[in-house]
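Engineer: Return a 3D structure for these sequence lines:
(one chain, ligands or ions: 1)
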Amino acid sequence: MAEIIDGKAISSQIKEEAKLEAAELSKKNITPCLAVVLVGDDPASQVYVRNKKKACEFCGIRSLSYELSADTSEAELLTLIDKLNADKDCNGILVQLPLPKHIDENKVLLRILPEKDVDGFHPYNVGLLSIGKASLKACTPAGCIELIKRSGVDITGKNCVVVGRSNIVGKPVGMLLLSENGTVTTCHSKTRDIGGICRNADILIAAVGIPKFIKEDMVKEGVVVIDVGINRGADNKLTGDVDFENVSKKASYITPVPGGVGPMTIAMLMKNCIIACKAQNNIE
Ligand code: NDP
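Structural biologist: Have a look, this model is predicted:
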């Protein structure tokens with residue numbers, strides 16, 4: 001039976017570390033500050049934004065909140081980003097996605113200064129990630145790596161299989177595993193014999209968006225499984241991309257859903273706010 005990787009506990013550790021760093025910065029009269037921008041009234045986004053503000057409060061990071069109506073124009077949003085880019089006291093800018101359809105998401109993300117891009121989505125930061133030099137790494141992928149490393153699992157030389165190639169999870173997590181000296185294979189909807197490829201994995205990351213996609217017969221004994229999936233059923237219950245009940249019988253380590261990767265995203269965001277603040281204040 002697998003050891004459960006406790007994402008709640010590990011994310012708490014990371015938030016505690018961010019809190020300590022924020023306290024150190026406050027001794028230098030510096031308060032890290034994150035601006036959170038929400039456009040529209042999507043209930044799930046409102047919950048995410050509220051949780052981000054709560055985490056900021058816990059860590060001692062000042063949060064600026066911009067809740068804009070759904071009919072906000074692209075030009076108005078870009079003007080706000082320009083203002084936050086120019087604000088020396090604001091270290092990080094997070095625009096909650098998805099944006100309403102009339103706003104070009106790419107244009108908005110490109111407008112955020114890379115040094116304030118605490119989500120790690122700006123192509124400049126993605127480029128740095130691909131050459132192994134990123135300081136602001138996409139939060140969910142970086143969270144996956146922390147879960148593996150803090151469980152005492154060494155990635156070096158391991159066969160790492162990522163199922164999913166999205167820009168926000170699959171591709172960046174693959175690049176991070178490569179930076180950690182893993183041997184990485186990425187699968188997607190056109191991949192042939194996914195089962196065969198997954199069965200070769202020492203470390204398996206599932207970021208597919210299909211409930212229980214990874215089945216017991218797709219993994220080998222002792223595999224380390226990180227389940228990024230968050231799938232909400234008709235009963236409102238969350239299910240991951242991995243058939244936890246059966247896969248956990250073969251795995252050595254596995255993340256649950258909820259309580260695995262989910263809480264890590266905000267914790268890594270807090271870490272990124274501290275990194276951005278220190279860099280902007282020329283602190284090592
Ligand atoms: P996307 O829908 O953007 O990407 C899904 C990926 O899975 C695609 O690359 C797609 O392939 C691949 N895929 C789809 N169907 C199959 C299939 N039958 N066989 C193999 N591959 C397939 O999703 P995201 O990456 O944004 O998210 C993935 C999951 O992670 C979701 O459940 C999401 O809710 C969750 N998530 C969780 C976060 C967290 O904080 N824990 C943060 C972000 C996401 P192709 O490219 O060929 O279409």
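
Engineer: So which bits of the stretch 151-284 of the chain are right by the ligand?
Structural biologist: Residues of the stretch 151-284 of the chain lying close to the ligand by Cβ under 6 Å from any ligand atom are 163-166, 168-170, 187-191, 194, 207-210, 228-231, 261-262, 265. The C-beta positions use only the backbone N, C-alpha and C, and glycine is treated the same way.

Engineer: Strands of the protein, start to end?
Structural biologist: 3-4, 33-39, 62-68, 92-95, 159-163, 183-187, 203-206, 224-227, 231-232, 238-239, 253-254 (DSSP state E).

Engineer: do you know which of the ones you listed lies nearest S151?
Structural biologist: strand 253-254 (5.4 Å; Cβ to Cβ).

Engineer: where along the chain do the helices fall?
Structural biologist: Secondary structure of the chain (DSSP state H): helices at 7-27, 43-59, 74-86, 105-111, 123-130, 139-150, 170-179, 194-198, 244-247, 262-280.

Engineer: Rebuild those as TSV, extending it with mean neighbour count and mean pLDDT.
Structural biologist: TSV is the format used below for the helices of the chain (neighbours: other Cβ atoms under 10 Å; pLDDT from 0 to 100):
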stretch	mean neighbour count	mean pLDDT
helix 7-27	17	98
helix 43-59	16	95
helix 74-86	16	98
helix 105-111	16	97
helix 123-130	17	97
helix 139-150	23	98
helix 170-179	23	98
helix 194-198	16	98
helix 244-247	18	98
helix 262-280	24	98
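
Engineer: Give me every residue in the stretch 1-150 of the chain lying close to the ligand.
Structural biologist: T140.

Engineer: In the stretch 1-150 of the chain, which residue sits nearest the ligand?
Structural biologist: Residue of the stretch 1-150 of the chain nearest the ligand, by Cβ to the nearest ligand atom: T140 (4.1 Å).
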